[in-house]
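**Q** Got a predicted structure here, sequence first:
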Amino acid sequence: MAKLEIKTSQQKINPELSTLLFGISPEKKQAADLQKQVQDIALDQLHPFRNHPFKVLDDNDMADMVESVTQFGVLVPAIARPDPNGGYELIAGHRRHHACQMAGMQTMPVLVREMDDDEATIIMVDSNLQRETLLPSERAFAYKMKLDAMKRQAGRPAKENGGQVGHHLSLPKSRDILAAQTGDSARNIQRFIRLTELVRPLLDLVDEKKLPINPAYELSFLKRAAAAAGGNGAYKHHSFSGASAEAETVQPRGKTFCRSDCSHPFRRKETQPRADSLG
């Protein structure tokens, strides 16, 4: 088995991650200092991050990574922290870890550092949001996990719909900071986070592009049991292309959705005010 080599000249670490990890900008960090902190750790001592939202798939991209790891080794070290129960918890590098397993390797280079749960969550999310392709469910849970961590660090409520207790009006909200970091709008981030309220079968349909995100967003406001029964039923009877539907009304968030006289099964039905309520 070829010895794994750390080629520091080819390592590309996100500037924000480098600042979080080392406390200084990457321009001022010498490659030699970085190499001193990298260890070769046995693969069976590395455990996945708790509630890791990103899938590790045996697809074409993984096959390419296995080939690269076999030929060149792991060029960019994984990031982990000591696990109180033994071994290390992976923060970044789950796909590289799997590729090393597929390649028959026994160890991989890992940058080990002590960090708390919120710091680890932010680094884990940031290291994966850079990927070119992400499933809607991956992006949804990643946004939620990072936003909750950012709010806890700022001393704010973690629940996404909670008020900003003690928040000074002149300070940006965590959601706005996350929007600036990701290039996504705060509104779009919030809509993605709502998808985490869906039951897994519906979320799988979103990932498979069989259920569009907008209807899925509206379904997320239904009770989970109702969404599982009514949502799946709605999907089975509609192609979401404008076909008419059998009469049925659901009322998430106090709003009426009509499936009997609307061209779209989840389009809001405009209700007329009662005559006796007009001034």
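**A** Structure received.
**Q** what bits of the stretch 101-250 of the chain have low per-residue confidence?
**A** Filtered on pLDDT under 70, the stretch 101-250 of the chain yields the residue ranges 156-171, 223-250.
**Q** Please repeat the previous calculation with a cut-off of 50.
**A** Where the stretch 101-250 of the chain drops to pLDDT under 50, the residues are 160-170, 225, 234-250.
**Q** Break the protein into its domains for me.
**A** Following automatic domain parsing, the chain resolves into domains at 8-124, 198-258.
**Q** I'd like the distance between the closest residue in space to Ile41 that isn't next to it in sequence and Asp176.
**A** Counting by C-beta to C-beta, 6 or more residues apart in numbering, Ile41 lies nearest to Val110, which is 4.6 Å off, once chain neighbours are set aside. The C-beta positions use only the backbone N, C-alpha and C, and glycine is treated the same way. Val110 sits 34 Å away from Asp176, going by C-beta to C-beta, to the nearest Å.
**Q** So between these two, which is more surrounded?
**A** Val110 (28 against 13; other C-beta atoms under 10 Å).
**Q** Just the element for the residue nearest to Ile41, please.
**A** strand 107-112 (DSSP states H and E).
**Q** How about Ile122?
**A** Applying DSSP H and E as the criterion places Ile122 in helix 117-129.
**Q** Quick one: list the elements packing against that helix.
**A** In terms of contacts (3 or more C-beta pairs under 8 Å, 6 or more residues apart in numbering; DSSP states H and E), helix 117-129 is packed against helix 15-22, strand 78-82, strand 88-92, helix 136-153.
**Q** So for the first one, mean pLDDT?
**A** So the one you mean is helix 15-22. Mean per-residue pLDDT for helix 15-22: 56.
**Q** i'd like the first residue to be 7 from this point on
**A** That works, and once the first residue is 7, the last one we named lands at helix 21-28.
**Q** OK, contacts around the residue nearest to Ile47?
**A** Listed by C-beta atoms under 8 Å, 6 or more residues apart in numbering, the contact set of Val116 reads 44-47, 52, 83-86, 94, 99.
**Q** Could you do Ile219 as well?
**A** 142, 197, 201, 212.
**Q** how about 7 Å then?
**A** 142, 212 (C-beta atoms under 7 Å, 6 or more residues apart in numbering).
**Q** Check Met156 too.
**A** Contacts for Met156 (C-beta under 7 Å, 6+ apart) come out as 180, 183-184.
**Q** Which parts of the stretch 107-256 of the chain are helices?
**A** With helices called from DSSP state H, counting those that start in this stretch, the stretch 107-256 of the chain shows them at 123-135, 142-159, 180-188, 192-200, 206-213, 219-225, 230-232, 238-243.
**Q** Just the buried residues of the first one, please?
**A** What that stands for is helix 123-135. Residues 124-135 are the ones in helix 123-135 that count as buried (16 or more other C-beta atoms under 10 Å).
**Q** element containing Val75, please.
**A** Counting by DSSP H and E, Val75 is found in helix 66-78.
**Q** quick one, that helix and strand 113-118 angle?
**A** Our comparison of helix 66-78 with strand 113-118, counting by axes from the mean of the first three to the mean of the last three C-alpha atoms, to 10 degrees, yields an angle of 100 degrees.
**Q** what about stretch 49-66, start to end distance?
**A** The straight-line separation of the ends of stretch 49-66 (C-alpha to C-alpha, to the nearest Å) is 22 Å.
**Q** Gln45 pairs with what?
**A** Gln45 forms beta bridges with Val116, as assigned by DSSP bridges.
**Q** wait, Met151 sits on Val131?
**A** Yes. Look at Met151 against Val131 with C-beta atoms under 7 Å: they come within range, at 5.9 Å.
**Q** OK, contacts around His58?
**A** His100.
**Q** Surely it is in a strand?
**A** No. Using DSSP: H, G, I helix; E, B strand; the rest coil, the assignment for His58 is coil, not a strand.
**Q** any idea how far Gly99 is from it?
**A** 11 Å.
**Q** ok, now Pro221?
**A** Separation of Pro221 from Gly99 (C-beta to C-beta) stands at 36 Å.
**Q** Ok, Pro88 next?
**A** 15 Å.
**Q** And the two? Which one has more around it.
**A** Higher neighbour count among Pro88 and Gly99: Gly99, with 24 against 13, using other C-beta under 10 Å.
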